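Participant: Give me a model of this one.
(chains A and B)
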Amino acid sequence: MNWSSRRLKEAARTFLVLAIVFVSVAIVIEVLLGRSDSRIATEFMLVTSMVIAIQVYVGNSGLVSFGHIAFFAIAAYAAGLAALPPERLASIAPDVPAWLANMEASLPVAVGIAIVAVIIFAAFTGVPFARMKASVVSAATLALLVLVHSVINLWSGITHGPLGLVNVPDLVNTWVVLGTCLIITAAALLYRASPWGLRLQAVREDEVAAAALGIPVARMRFAGWMVSAVLMALGGSVWALNAMAFAPAQFYFTDTFAMLSMLVIGGLGSVTGAVLGAVIVTVLSEVLRNLEGGLAIGSFEIPELPGIVQMATAVLILLILIWRPGGLLGNTEAGAFSFGNLRTKGWRR
Amino acid sequence: MSGGLVVDSVTKTFAGLTALGDVSIALAPGEILGLMGPNGSGKSTLVNVISGVLTPDRGRVIVDGKEVTGHSSYTIARAGVSRSFQTVRLFRALSVRDNIAAVVRGAGKIDSQVDELLERLRISHLADEKAGSLAYGLQRRVEIARALATHPRYLLLDEPAAGLNDVESDDLEGIIRQVVEEFGCGVLIIDHDIRLITRLCHRLHVLSGGRTLAEGDPQIVRTNPDVVRAYLGEKAAAELTKGNQGVKPEAQDSPIAGTE
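Facilitator: Here you go, the predicted model:
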């Protein structure tokens, strides 16, 4: 397969910019933040990396997927079950098969199991999905999300039902989180720059023309789906080992909405956009969450506003879709601007 | 048999309406074949059948001896057939360069292959522009560059001159000649511009109502009374058969030249 060195260089520049962002956040966490704040910050980094994983499929294929949260859930549970010690598992999930229950896996093994589980699940769903008409794929992924959520909720012998997994060992520190972010970012950028990524983008732009010019449409969609799923599994499993406790409710519409909103706001078409969207939505949520309980500024009182976070995010999405349908950055990566470009093109208006 | 793109007695109907009725054509490498006919005569349907966008009801499509009837457009493209579209279908949000890079196939560095094509079609200066933002005539040119990037043996051009001004149209003519010379591929070109078509094509094939009306040497086909009738109506055909020189190909503002 034939790689474009021009596209690789752009990817490398973008990686440099995003790596600086992630490394800075990690250093701030280590140096400045206390234990509880640092968990919020590492969670932000992992959510961002999962938004990047979603971007790999949604951004390059142009097909909106609600199913990635299902990958997230499967990865989190697989990693959690693998890492939990057998005596704790016996009390909350007695039906877990012995080989998995007795594993008490280390970080790499737990992540590996999560990735394998997601690969199997994604491969089964990916084949029919890749052949579907673009207009129905989103509905199919929605069904996938509901299906996986229901199974996790009901299969209490394995998943502890609606109560979820608790006391999952904390196998993750800030540097592991940073490494995960960097790997996912690099992989997403590499895929975007690859011939497969470019061809999937061509399919996104015009499926008929792409096929008539020799691009295997279904195969390219399947490849994007699988790469995206693996990265989601990596992010999701590390998230689970960082969160230590989680329940099925956390892998449903609220999270799907939050992650997709980050992607839509930042710009579906670029990895940089995914990161920018994650930053904007997270900052917005944190600011507004303080308002939810009500606030008094001098004599001016803001009443309690439960649900304001989602409402504000929804309004922001609508405004972005009306004025900048491609999101804030559209298809533009940070690395599209090199010093060479600036010299030749100048800062023209 | 081997060599050539062969369409053998192809029939295609849409809800009882015959879009193509028993049409046969053959295109050899290095040849330029003009496909003409009034609107709705089945030209685009034929191109869509050849390129696998549509499946024929009857008949065969054969590329270099390999039957590809009813295969996916992807398979047919891989067999060596490339095309442009009547309404331009570029990858609009991608740069001109990436439009070509996405479909490039062949040995050698991808970047240098793309640069070479851009240069040959004289669009190097547009490489980093977004394809969807270009002027229409330039989009047509990018579409041809993109079609060539697959290294086709046969190139189907569906009205490449539609919407072009005279200068652009002359330019296009030069490009198509150059393509045939340098790439050695066979070109099937649909166009209404009879001046362009007669200058450019080695042979003409005229469709009307989905059936072959005439085929052969451009000069002869152009003065064929049936062809004139199909394009200009009874009166013109009658004048032609009366021995009047009839319709001159130079008649640029005639309906033949101007439609669509």
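
Participant: residues contacting residue 50?
Facilitator: Here I'm looking at chain A. A:H68, A:F72, A:I184, A:M232, A:G235, A:G236, A:W239, A:M259 (Cβ atoms under 8 Å, 6 or more residues apart in numbering or on different chains). In this view, the C-beta of every residue, glycine as well, is placed from N, C-alpha and C.

Participant: look at chain B instead
Facilitator: B:L5, B:V7, B:V61, B:I76, B:V81, B:L156, B:L188.

Participant: Need these in TSV (columns: secondary structure).
Facilitator: Output for those, formatted as TSV (DSSP: H, G, I helix; E, B strand; the rest coil):
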residue	secondary structure
B:L5	strand
B:V7	strand
B:V61	strand
B:I76	helix
B:V81	strand
B:L156	strand
B:L188	strand
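
Participant: State the pair within the residues you listed that is farthest apart.
Facilitator: The distance between the two most remote of the contacts of B:I50 (Cβ to Cβ) is 13.4 Å, for B:I76 and B:L188.

Participant: out of the contacts of B:I50, which is most surrounded?
Facilitator: For these, the largest number of neighbours (other Cβ atoms under 10 Å in any protein chain shown) sits with B:V81, at 32 neighbours.

Participant: Was I right to think that one contacts B:P152?
Facilitator: Yes: judged on Cβ atoms under 8 Å, B:V81 makes contact with B:P152 at a distance of 6.1 Å.

Participant: which phi and psi does residue 32 have?
Facilitator: With no chain named, the answer covers chain A. phi -100, psi -30 (degrees, to the nearest 10).

Participant: try again with chain B
Facilitator: Residue torsions, per degrees, to the nearest 10, at B:I32 are phi -110, psi 120.

Participant: Counting neighbours, what do you get for it?
Facilitator: 22.

Participant: In terms of secondary structure, what does the longest helix seen in chain B contact?
Facilitator: In chain B, taking DSSP state H as the definition, the longest helix is helix B:166-183. Using 3 or more Cβ pairs under 8 Å, 6 or more residues apart in numbering or on different chains; DSSP states H and E, the elements in contact with helix B:166-183 are helix B:136-148, strand B:186-190, helix B:194-200.

Participant: Now tell me what touches it from outside.
Facilitator: In contact with helix B:166-183 (Cβ under 8 Å, 6+ apart) are residues B:30-32, B:120-121, B:137, B:140-141, B:144, B:148, B:151-152, B:155, B:157, B:160-161, B:164, B:185-187, B:189, B:193, B:196, B:199-200.

Participant: Up against chain A, what does chain B have?
Facilitator: B:51-53, B:72-74, B:76-78, B:82-83, B:85, B:89-94, B:97-99, B:101-105, B:109-111, B:114, B:146-147, B:149-150 (Cβ under 8 Å from any Cβ of the partner chain).

Participant: Please list only the buried members of those residues.
Facilitator: Neighbour counting with 16 or more other Cβ atoms under 10 Å in any protein chain shown marks B:51-53, B:72-74, B:76-78, B:82-83, B:85, B:89-91, B:93-94, B:97-99, B:101-105, B:110-111, B:114, B:146-147, B:149-150 as buried within the residues of chain B next to chain A.

Participant: Please compute how far the host helix or strand of A:A218 lies from its chain's middle.
Facilitator: Using DSSP states H and E, A:A218 sits within helix A:217-243. The chain centre lies 8 Å from the centre of helix A:217-243; the measure is Cα atoms, centre = their mean, to the nearest Å.

Participant: That helix: which residues count as buried?
Facilitator: For helix A:217-243, by 16+ other Cβ under 10 Å, it's A:217-218, A:220-243.

Participant: so, in contact with chain B or not, that helix?
Facilitator: Yes: Helix A:217-243 is in contact with chain B by Cβ under 8 Å from any Cβ, via A:V217.

Participant: Quick one: mean pLDDT over that helix.
Facilitator: Mean pLDDT, computed over helix A:217-243, is 96.

Participant: what element comes up after it heading to the C-terminus?
Facilitator: Next along from helix A:217-243, by DSSP H and E: helix A:253-266.

Participant: Where does A:V118 sit, in terms of helix or strand?
Facilitator: helix A:107-131.

Participant: nope, B:E215 is what I was after
Facilitator: Counting by DSSP H and E, B:E215 is part of strand B:211-216.

Participant: chain center to that strand: distance?
Facilitator: Per Cα atoms, centre = their mean, the centroid offset for strand B:211-216 relative to its chain is 16 Å.
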